[in-house]
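*Asks:* no sequence on hand, only this structure:
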């Protein structure tokens, strides 16, 4: 008997062929999808049966760039470009963050993500063990790991301390199905070349992911070029840091040669349109990167820069922003945009065999979207509806590994009200941290 059968849905599989089944569903056993088929062909009985009439069934969303615990500082620092903004952010983080508050902020951020359909998130933050703990509290998958940052930062570590912590992370989580271990240097302007190479060596030794901020602003490009005589992407390439397990956040300011370097290396780019717009960083050359064959994914960045963690906003901006910039209404198709939200994110995490689409053998990470609301009727094309009409509140049910972690818009494993109350109690101290 199957553990779970979902039937009567419009199934948007996000597979390589863009398969859509208009009255279909899935069967699940031991956390993996065993069948994707029309409803009439699915098993008639299971331990749990979900009638998904009036819903789209699609894979869980993959967010490839986030700082979830920075949800503690939502709206705290406004109307500044990245560089002075960061100085205030780091002041607040230094005053507030410790393992306990980082866990609290991560739970808050991950709750927002999970309720909106994000089942896997790549999250960069100071205490990665607490990040994993928070993700497990809610039932999500997370890509995270050792942070590299030349100044002492929140944790006060030197290079040796950061290396030791990164290695311990692999010892603890290297074999976990719900964790994608990652080495995470902050950026080329905060981590020296030798330290970047030391970080990459750890990633290569463990066959792990490597993620960093890159080419987010013109000021960053000028700073790195002034120091090393090479732009950010050329610098990363020169140091041997770019390959198919590399995920670069932002990549707003690139020239044509840098785009070709990314395409040749196989590195993925996490496009964060909301954060880039709000911080006045600019608009990434996403159509040019797509044309060159670069794998483009989507991220929210932290709620301190975009004020929420809304991947549906990121999706709609990615699908529309570049039309306005280029003057071409066909510049990014709905299929390309949806792939950024799902399949491309899985590829960036080197996990296309496990997540990113609804296919037999993959983890049963899935969401159900309500399409019987005023803004959702009629639905002529479900892919178009997902890209241009869906809101995060339309996500009603979320499954991770076949386990229901959101039911009727409510978390099943954690009382988020307790988290909200704890954050509100901490808020006066947060406000005072930058006074």
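*Replies:* Looks like it came in fine. No experiment lies behind these values; they were computed from the predicted model shown.
*Asks:* going by C-alpha atoms from here, please, whenever you check contacts or count neighbours.
*Replies:* Noted.
*Asks:* would you map the strands across the stretch 51-200 of the chain?
*Replies:* Applying DSSP state E, counting those that start in this stretch to the stretch 51-200 of the chain gives strands spanning 55-59, 61-66, 118-123, 141-144, 147-148, 179-185.
*Asks:* in the sheet, which strands lie alongside the fifth one, parallel or antiparallel?
*Replies:* Okay, so that is strand 147-148. Note on strand 147-148: by DSSP bridges, its sheet partners are strand 179-185 (parallel).
*Asks:* now for residue 44, how many residues are close by?
*Replies:* Counted with other Cα atoms under 10 Å, the neighbours of residue 44 add up to 12.
*Asks:* pretty sure it is in a helix, no?
*Replies:* No. Under DSSP: H, G, I helix; E, B strand; the rest coil, residue 44 sits outside any helix and is assigned coil.
*Asks:* phi and psi next, for it.
*Replies:* Main-chain dihedrals, residue 44, degrees, to the nearest 10: phi -80, psi -10.
*Asks:* quick check: it vs residue 187, distance?
*Replies:* 53 Å (Cα to Cα, to the nearest Å).
*Asks:* and if you look at residue 18?
*Replies:* Applying Cα to Cα, the value for residue 18 to residue 187 is 36 Å.
*Asks:* who's more crowded, those two?
*Replies:* Counted by other Cα under 10 Å, residue 18 and residue 187 do not tie: residue 187 has more neighbours, with 24 against 13.
*Asks:* bridging residues for that one?
*Replies:* residue 213.
*Asks:* contact partners for it?
*Replies:* When contacts are counted by Cα atoms under 8 Å, 6 or more residues apart in numbering, residue 187 is found next to 149, 212-214.
*Asks:* give me the pLDDT for it.
*Replies:* Residue 187 is assigned a pLDDT of 98 by the prediction.
*Asks:* just residue 88 next, same as before
*Replies:* You'll see residue 88 listed with a pLDDT of 88.
*Asks:* that one contacts residue 77, doesn't it?
*Replies:* Yes. Assessed by Cα atoms under 8 Å, residue 88 is found in contact with residue 77 at 7.1 Å.
*Asks:* run a quick neighbour tally on residue 230.
*Replies:* For residue 230, the neighbour count with other Cα under 10 Å is 17.
*Asks:* does residue 209 touch residue 182 like I think?
*Replies:* Yes. Using Cα under 8 Å, residue 209 is in contact with residue 182, at 4.5 Å.
*Asks:* more neighbours: which of these two?
*Replies:* Taking other Cα under 10 Å, residue 209 and residue 182 do not tie; residue 182 has more neighbours (32 against 25).
*Asks:* in the chain, which residue is most central in space?
*Replies:* Central residue of the chain (Cα atoms, centre = their mean): residue 63, 1.7 Å from the mean position.
*Asks:* next up, the contacts around it.
*Replies:* For residue 63, the contact set (Cα under 8 Å, 6+ apart) comprises 118, 120-122, 297-300, 311, 341, 345.
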